[in-house]
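Novice: Let me see the structure of the following:
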Amino acid sequence: MWVPLSTTTTMSVELHDISFKYQKGPSIFDGFNLKFDTGGFFFILGSNGSGKSTLLNLILGWLNPSSGTISYQGKEINSKKQLASLIGYVPQDPSVDPEMSVSDILDFIGSCHHLSTDQLVQNKKQITEALDIQDLLDKRIKFLSGGQRQKVNIAVGLIHLPEIILLDEPFTGLDYYTSVKVLTALVNMKKTVLCVTHDIDIAEQYATEVLVLKNGQLIEKDRPSELIKNHSFFLQEIDFNIDISSQLPNLDESVRYMIQQNRLILSYPNKNASVESVENFKEAHKSYIIKESSASDTLKSTIVGLHDISFSAAPKKKAKKGGGGGDGSGGGGGQGKRKNK
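Specialist: I've put the predicted structure just below:
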């Protein structure tokens, strides 16, 4: 039975003139300003190293800015305990004892939030019904599938019915149908939700506003429909059976492209949906092409076309020592070779 979660209050979040850098590495944010309005469902997009995870950690109070302030419903909160009660966080890689049962882990986290016995019973019932995991309560974490673990991970973050919800890649391991059910539960809570994701199709459908970060800068903040309406692009992704990263296509000036090892990503204004130089390049390399896909008038085609940000999972090479992803000083990937013709 699908039961929506009950609602309580909600809060806005505002970052004012925030500057932050890791001990080793360049600044991530420098004079950064951003406001998340009360009750909005915000999807935060960007390639690795753009500042997405750092932004969540600053709001959580796990990182402290070198300057600037963060306010919640207009008030600064410096107490980590108080922030933990206001914010529900669903990490991408949870650390949960695999020997514990689902019921035990929810009880434990509920006790950490100092929920009364009655509150815990009520919250637990609402959340497990909303996420459709009632039948998992007596099972140990180690016996759950990846998708089941992810739903339990979400339940852990929501057990105290927080006023602000932060999600870091929450749909990993979930099929589309399950993702929709989780999103329905979150929407019904009518909370202020900040969701970092690479699933741009879900962002297009459910976002109140989409925010795009690039190199610590906010480069877009708008409703998906408005972004698409104002910036129409055609997008092509071509997979090859060879590494083409060393090849430079000779394309028209209207075409922007990125190369990710075996993948060529092309974008150009939607009016030019057929470009002769692109067709010539494809014809010359047709024996190496194994897959093609295209899209137009979508959030993905718009953001890739405007800002050369890739949301595709290109084939990965073995990581070199000393590298790294995320927002730390180790660098991170995500955009591949980029050329603006």
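Novice: residue ranges with poor pLDDT in the stretch 151-300 of the chain?
Specialist: Applying pLDDT under 70 to the stretch 151-300 of the chain flags the ranges 270-274.
Novice: Let me see the ranges of the strands in it.
Specialist: Using DSSP state E, counting those that start in this stretch, the strands of the stretch 151-300 of the chain run over residues 164-168, 192-196, 209-214, 217-222, 233-240, 256-260, 263-269, 289-296.
Novice: Nearest to Ser27, out of these?
Specialist: Closest approach to Ser27 among these is made by strand 217-222 (11.1 Å; C-beta to C-beta). C-beta: built from backbone N, CA, C; applies to glycine.
Novice: The closest one packs against which elements?
Specialist: Strand 217-222 sits against strand 27-36, strand 209-214, helix 299-307, with contacts defined as 3 or more C-beta pairs under 8 Å, 6 or more residues apart in numbering; DSSP states H and E.
Novice: residue nearest the centroid of the protein?
Specialist: Thr197 (1.6 Å; C-alpha atoms, centre = their mean).
Novice: how about the helices and strands packed on strand 217-222 in TSV, adding distance to Ser232?
Specialist: Shown next, in TSV, are the helices and strands packed on strand 217-222 (distance: least, C-beta to C-beta, whole Å):
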stretch	distance to Ser232
strand 27-36	27
strand 209-214	16
helix 299-307	7
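Novice: Turn the ones you listed into JSON lines, columns for distance to Arg149 and mean neighbour count.
Specialist: Below are these laid out as JSON lines (distance: least, C-beta to C-beta, whole Å; neighbours: other C-beta atoms under 10 Å):
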{"stretch": "strand 27-36", "distance to Arg149": "28", "mean neighbour count": "18"}
{"stretch": "strand 209-214", "distance to Arg149": "28", "mean neighbour count": "22"}
{"stretch": "helix 299-307", "distance to Arg149": "28", "mean neighbour count": "23"}
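Novice: out of those, nearest to Ile164?
Specialist: Nearest to Ile164, of the helices and strands packed on strand 217-222 and by C-beta to C-beta, is strand 27-36 at 8.3 Å.
Novice: how many degrees apart are the helix or strand that that closest one is followed by and strand 209-214 in direction?
Specialist: Using DSSP states H and E, the helix or strand that follows strand 27-36 in sequence is strand 41-45. Between the axis of strand 41-45 and that of strand 209-214 there is an angle of 20 degrees, by axes from the mean of the first three to the mean of the last three C-alpha atoms, to 10 degrees.
Novice: change the start of the numbering to 691 and stick with it
Specialist: Okay, using 691 as the starting number, the last item reads as strand 731-735.
Novice: helices and strands around strand 731-735, which ones?
Specialist: Against strand 731-735 (3+ C-beta pairs under 8 Å, 6+ apart) you get helix 742-750, strand 882-886, helix 890-896, strand 899-904.
Novice: ok, and which of these has the densest surroundings?
Specialist: When those are scored by mean count of other C-beta atoms under 10 Å, the highest mean neighbour count falls to strand 882-886 (a mean of 24).
Novice: on that earlier part again, hang on, the residue nearest to the centre of the chain packs against Ala893?
Specialist: Yes: contact criterion C-beta atoms under 8 Å: Thr887 and Ala893 qualify, at 6.2 Å.
Novice: What residue spans form the domains of this protein?
Specialist: With domains defined by automatic domain parsing, the chain comprises 703-917, 921-1006+1014-1030.
Novice: Lys829 is nearest to which of the helices and strands packed on strand 907-912?
Specialist: For these, the distance to Lys829 is smallest for strand 717-726, at 35.6 Å, taking C-beta to C-beta.
Novice: hang on, the earlier thing: shared neighbours, Thr887 and Ala893?
Specialist: Listed as contacting both Thr887 and Ala893 by C-beta atoms under 8 Å, 6 or more residues apart in numbering are 733, 735.
Novice: Ser935 touches Ile949, doesn't it?
Specialist: Yes: at 5.1 Å, Ser935 counts as touching Ile949 under the criterion of C-beta under 8 Å.
Novice: which of those two has more neighbours?
Specialist: Ile949 (21 against 16; other C-beta atoms under 10 Å).
Novice: Tell me if I'm right that the more buried one and Asp933 touch.
Specialist: No: counting by C-beta under 8 Å, Ile949 sits too far from Asp933 to count as a contact (9.3 Å).
Novice: Format the strands of the stretch 841-990 of the chain as a markdown table; extra columns: distance to Tyr712.
Specialist: What follows is the strands of the stretch 841-990 of the chain, written out as a markdown table (distance: least, C-beta to C-beta, whole Å):
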| stretch | distance to Tyr712 |
| --- | --- |
| strand 854-858 | 18 |
| strand 882-886 | 18 |
| strand 899-904 | 16 |
| strand 907-912 | 17 |
| strand 923-930 | 33 |
| strand 946-950 | 26 |
| strand 953-959 | 29 |
| strand 979-986 | 36 |
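Novice: The closest residue to Leu954 other than its chain neighbours and Leu956: what is the separation?
Specialist: In this structure, Leu954 finds its nearest non-sequential neighbour in Ile928, 4.6 Å apart by C-beta to C-beta, 6 or more residues apart in numbering. Using C-beta to C-beta, to the nearest Å, Ile928 is found at 7 Å from Leu956.
Novice: Pro755 too?
Specialist: Distance of Pro755 to Leu956, computed by C-beta to C-beta: 39 Å.
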